[in-house]
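Q: Give the three-dimensional model of this entry:
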Amino acid sequence: MSVLAVLDPAVALAHAVVAAVAHLVPTALAIVLFTVAVRLALHPLARAAARGEKARARLAPEVTALRRKHKDRPERLREALAEMYRKEQVSPFAGCLPVLVQIPFFSVMYRLFTTPDDLLDRTLFGVPLGLHVTAAHGAGQWAVFGALFAGLAAVGVVNFRRARRAATAAAMATAQPAPQPGAGLLPYLSFGSVLFAALVPVAAALYLLTAGVWSAAERAWLYRDGSPAPATLPIT
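A: Take a look at the predicted model:
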């Protein structure tokens, strides 16, 4: 039995909701609407994370100063950092919360769209939602996959540029011109959804595209004051 089988009750609920909406609109649109509804429900967490990220960016110079001051006393450094975060009412882990909350939803959607069921028999412009790119044939099917991958690549480019700006801003704020080992590779994780989409059927790729567009637009809105949006994992 698959480890993901523990998600079957949640998968059944998601299936029922999407199927119900699919009675009113095309199934592909039902997937888009369901994804948007869930991401809208998670939006308060994203707002809280944005506030935390902005606060941490503001405190970055102080953190750097404390690290220099207590570089030979790690215990004192931990106490000083904890005191500073407590005083400023900032959690050093708030930015991770939206990503952690998304993981179960991502797993449910993965299970839903990779387990054969009636939803995957429906079509998007004539292409079965359960079809993988490796089984595509004909101009029509390749056009649909091409559009999905082009959309995911466009979202990846937006996230890549944002991640590069965030890395540069972080280096300037902490007075560390030399990047940390491996930091230069992190922006390229923005294209992880493109690679993952090659392994899943059309329905899952459509979910990835919808979630990716939502995340990119959400970050643009939350950081519209010019503060650099943080880099994120390729879980959209």
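
Q: For the chain, which segments count as strands?
A: In chain order, the chain shows strands spanning 123-124, 127-128, with DSSP state E as the criterion.

Q: how far away is V108 from F34?
A: Using C-beta to C-beta, to the nearest Å, V108 is found at 11 Å from F34. Glycine gets a C-beta too; all of them are placed from N, C-alpha and C.

Q: Quick check: neighbours shared by these two?
A: With contacts taken as C-beta atoms under 8 Å, 6 or more residues apart in numbering, V108 and F34 have A14 as neighbours in common.

Q: Okay, buried residues for the longest helix seen in the chain please.
A: The longest helix of the chain (DSSP state H) is helix 139-173. In terms of neighbour count (16 or more other C-beta atoms under 10 Å), helix 139-173 has its buried residues at 141, 144-145, 148-149, 151-153, 155-156, 158-160, 162-164, 166-167, 169-170, 173.

Q: just stretch 46-60 next, same as before
A: A46, A49, A50, G52, E53, K54, A55, R56, A57, L59, A60.

Q: mind checking how far V25 is from V90?
A: When distances are taken as C-beta to C-beta, V25 and V90 turn out to be 43 Å apart.

Q: Likewise for G130?
A: Taking C-beta to C-beta as the measure, G130 falls 45 Å from V90.

Q: would CSV of the buried residues of stretch 46-60 with pLDDT be doable?
A: Listed next are these as CSV, based on pLDDT from 0 to 100:
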residue, pLDDT
A46, 82
A49, 78
A50, 81
G52, 76
E53, 78
K54, 79
A55, 79
R56, 77
A57, 77
L59, 81
A60, 78
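
Q: returning to what we had before: and the longest helix of the chain, what does it pack onto?
A: Where contact means 3 or more C-beta pairs under 8 Å, 6 or more residues apart in numbering; DSSP states H and E, helix 139-173 is packed against helix 43-69, strand 127-128, helix 192-197, helix 202-222.

Q: which residue of this protein sits farthest from its center?
A: Each residue of the chain has a distance to the centre, and by C-alpha atoms, centre = their mean the biggest one is for D72: 37.1 Å.

Q: So which bits of the worst-scoring helix or strand of the chain on mean pLDDT are buried?
A: For the chain, the helix or strand with the lowest mean confidence is helix 97-114, at a mean of 79 (criterion: mean pLDDT, DSSP states H and E). Judged by neighbour count (16+ other C-beta under 10 Å), helix 97-114 contains these buried residues: 97-98, 102, 105-114.

Q: hang on, the earlier thing: now, of the helices and strands packed on helix 139-173, which is deepest in the fold?
A: Mean neighbours per residue, mean count of other C-beta atoms under 10 Å, is largest over the helices and strands packed on helix 139-173 for helix 202-222, with a mean of 21.

Q: right, and A136 touches W142 too?
A: Yes: the criterion here is C-beta atoms under 8 Å, and A136 meets it with W142 at 5.6 Å.
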